[in-house]
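Asks: can't give you the sequence, but here's the structure:
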């Protein structure tokens with residue numbers, strides 16, 4: 001599978017799972033958060049990294065919109081990458097038949113992206129991910145999150 005076909009297949013798969021596309025990225029949004037999937041090509045090999053970015057609405061007074069600066073240039077309030085066990089999907093130097101790579105991509109969305117994105121679209125889900133140590137927040141983001149969305153006791 002070449003680069004163009006892989007990016008196209010990735011976006012086609014993301015759309016099947018309810019993502020929209022803009023500026024070469026795939027995204028979902030809620031009233032609380034914007035969640036973005038961005039493929040980043042390695043400079044050294046035919047490998048992609050999947051940047052998983054979450055923007056929390058209202059943090060530092062910012063209301064995020066679907067804009068190229070946010071989707072492509074900014075790291076977001078929460079930044080992550082695909083877990084290592086899925087990296088072979090994104091390594092186009094590994095000779096994998098197209099049908100198999102597409103099946104792997106669908107399984108990746110089923111097993112990881114859908115549940116992860118659903119958590120990242122709500123403040124309560126983000127807090128669950130923090131508590132389970134699946135994501136880390138910088139102290140500034142954590143302070144803003146607690147200021148904007150105080151924890152319910």
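Replies: Looks like it came in fine. Bear in mind that the values here come from a model prediction, so they are computed numbers and not experimental data.

Asks: please enumerate the helices of this structure.
Replies: Residue ranges of the helices in the chain, as given by DSSP state H, are 3-16, 68, 98-108, 114-120, 123-131, 139-148.

Asks: what is the first one packed up against?
Replies: Counting contacts by 3 or more CB pairs under 8 Å, 6 or more residues apart in numbering; DSSP states H and E, helix 3-16 packs against strand 20-22, strand 25-29, strand 33-41, helix 98-108. Placement of C-beta: from N, CA and C, glycine included.

Asks: can those go into CSV with extra columns for mean neighbour count, distance to residue 76 and mean pLDDT?
Replies: Written out in CSV, the entries for these read as follows (neighbours: other CB atoms under 10 Å; distance: least, CB to CB, whole Å; pLDDT from 0 to 100):
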stretch, mean neighbour count, distance to residue 76, mean pLDDT
strand 20-22, 14, 15, 94
strand 25-29, 21, 11, 95
strand 33-41, 21, 7, 95
helix 98-108, 15, 20, 96
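
Asks: residue 73 is nearest to which of the ones you listed?
Replies: Of all those, strand 33-41 sits nearest to residue 73, with 10.0 Å by CB to CB.

Asks: show me what that closest one is packed against.
Replies: Based on contacts counted as 3+ CB pairs under 8 Å, 6+ apart, the elements that strand 33-41 packs against are helix 3-16, strand 25-29, strand 48-56, helix 114-120.

Asks: residues touching that strand, excluding its own?
Replies: Counting contacts by CB atoms under 8 Å, 6 or more residues apart in numbering, the residues outside strand 33-41 that touch it are 3, 7, 10, 14, 19, 24-29, 47-57, 64, 66, 70-72, 76, 90, 113, 117, 120-123, 126.

Asks: type out the PyMOL command that picks the buried ones from those.
Replies: A single PyMOL command selects the buried members of the contacts of strand 33-41 (16 or more other CB atoms under 10 Å):
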select buried, resi 10+14+19+25+26+27+28+29+47+48+50+51+52+53+54+55+56+57+64+70+71+72+76+90+113+117+120+121+123+126
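
Asks: shaky segments in the chain?
Replies: By pLDDT under 70, the low-scoring segments of the chain are 70, 153.

Asks: who does the residue most central in space within it bridge with?
Replies: Here the mean C-alpha position of the chain is nearest to the C-alpha of residue 52 (CA atoms, centre = their mean), at a distance of 2.6 Å. Legend: beta-bridge partners of residue 52 under DSSP bridges are residue 37, residue 80.
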